[in-house]
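Colleague: could you look at this predicted model? Sequence included:
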Amino acid sequence: MADRKPIISGNWKMHLNHFEALKLVQELSYLVTEDDIDAVDVSLHPPFTDIRTVQTVLEADRLPFHLGAQHCHFEANGAFTGEIAPSMLAKLNVSYVIVGHSERREVFGEADDMVNKKVLAILGSNMVPILCCGETLAERDANQAVSKIDGQVRAGLTGVTAEQAADMVIAYEPIWAIGTGRTASADDAQNMCASVRATVADVFGAEVADSVRIQYGGSVKPVNAKELMIQPDIDGALVGGASLDADSFARIVQYRLAD
């Protein structure tokens, strides 16, 4: 198995103004230690209006967190009111961009082909996509979870080179566990993340599959983080609600210290 450094990502969604964002980052800086950062990559994904503020504090205070974004358009520029181009994020030193999150797919109607265009655009601006995939409860109950994930991953990776894929992050997030308080069991999460890795292996080969980092997302909290993170095919967590509280998020980052 490759030595994959885990990555814990905080997806703040549509929460926190730039003052609140600054406060949260400063609180995290006191809680997350150098030893934590040696063991785990941490990315923070604020709303667009907070990104410049977060960038400034990260760089001014030399904080060891990666700056992330939650979304972008796939075009470089144009008449797309309300949208943000990948190059705009890159100029703010954004490192990771979430793409294909279930809320973008389910609420805003983003189909696989649009997700793929965004993946390619993010890579084209030298940032790392966090490609999300996940099934609904109905699909899971109908034994369609594996085929749904396989299709989303293959579509999202269309046109991506093996070298690019090896450096990507893929987040498996069962839709039925996002913001519901329900969490896939560690075994279920492991099985699905292993399935994601198998799809990557089928497309690009074992070496690339062994390098790509796969996150689990879906009501990750301090109490279940370690059980999830010790699974062999889970290399991180995409954290929603718990990332809005500095203490909770820091404890997830420090999962390895949990009893």
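Modeller: Alright, I've got the coordinates.
Colleague: mind listing the strands for the stretch 1-150 of the chain?
Modeller: With strands called from DSSP state E, counting those that start in this stretch, the stretch 1-150 of the chain shows them at 7-11, 41-45, 66-69, 96-99, 128-133.
Colleague: out of those, which is the most enclosed?
Modeller: strand 128-133 (a mean of 28; mean count of other CB atoms under 10 Å). All C-beta spots, glycine's among them, are computed from the backbone N, C-alpha and C.
Colleague: show me where the chain has its helices.
Modeller: Here the chain has its helices, by DSSP state H, at 18-31, 34-39, 48-60, 86-91, 102-108, 112-124, 137-141, 145-156, 162-166, 186-204, 206-211, 222-229, 246-253.
Colleague: out of those helices, the one nearest residue 259 is which?
Modeller: helix 222-229 (8.5 Å; CB to CB).
Colleague: helices and strands of this protein: which one bottoms out on pLDDT?
Modeller: helix 137-141 (a mean of 89; mean pLDDT, DSSP states H and E).
Colleague: mean pLDDT lowest where, among the helices of the chain?
Modeller: The stretch with the lowest mean pLDDT among those is helix 137-141, at a mean of 89.
Colleague: next, the buried residues of that one.
Modeller: 139, 140 (16 or more other CB atoms under 10 Å).
Colleague: just checking the distance from that helix to the centre of its chain.
Modeller: 23 Å (CA atoms, centre = their mean, to the nearest Å).
Colleague: which strands or helices does that helix pack on?
Modeller: With contacts taken as 3 or more CB pairs under 8 Å, 6 or more residues apart in numbering; DSSP states H and E, helix 137-141 sits against no other helix or strand.
Colleague: any residues touching that helix, and which ones?
Modeller: Residues outside helix 137-141 that contact it (CB atoms under 8 Å, 6 or more residues apart in numbering) are 145, 148, 174, 175, 176.
Colleague: give me the buried subset of the residues you listed.
Modeller: 145, 148, 174, 175, 176.
Colleague: could I get those in CSV, plus columns for distance to residue 27?
Modeller: Shown next, in CSV, are those (distance: CB to CB, whole Å):
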residue, distance to residue 27
145, 37
148, 38
174, 30
175, 30
176, 31
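Colleague: so what's the residue of the chain most remote from its centre up against?
Modeller: Distance to the chain centre peaks in the chain at residue 79, reaching 28.2 Å (criterion: CA atoms, centre = their mean). With contact set as CB under 8 Å, 6+ apart, residue 79 has no partners.
Colleague: what sits against residue 53?
Modeller: 18, 21, 22, 46.
Colleague: try it again with 7 Å
Modeller: Residue 53 is in contact with 18, 21, 22, counting by CB atoms under 7 Å, 6 or more residues apart in numbering.
Colleague: show me the one in the residues you listed that has more neighbours than the rest.
Modeller: residue 21 (21 neighbours; other CB atoms under 10 Å).
Colleague: please report how far the residue lying closest to that one once chain neighbours are set aside lies from residue 170.
Modeller: With sequence-adjacent residues excluded and distances taken as CB to CB, 6 or more residues apart in numbering, residue 21 is closest to residue 50, at 3.9 Å. Using CB to CB, to the nearest Å, residue 50 is found at 25 Å from residue 170.
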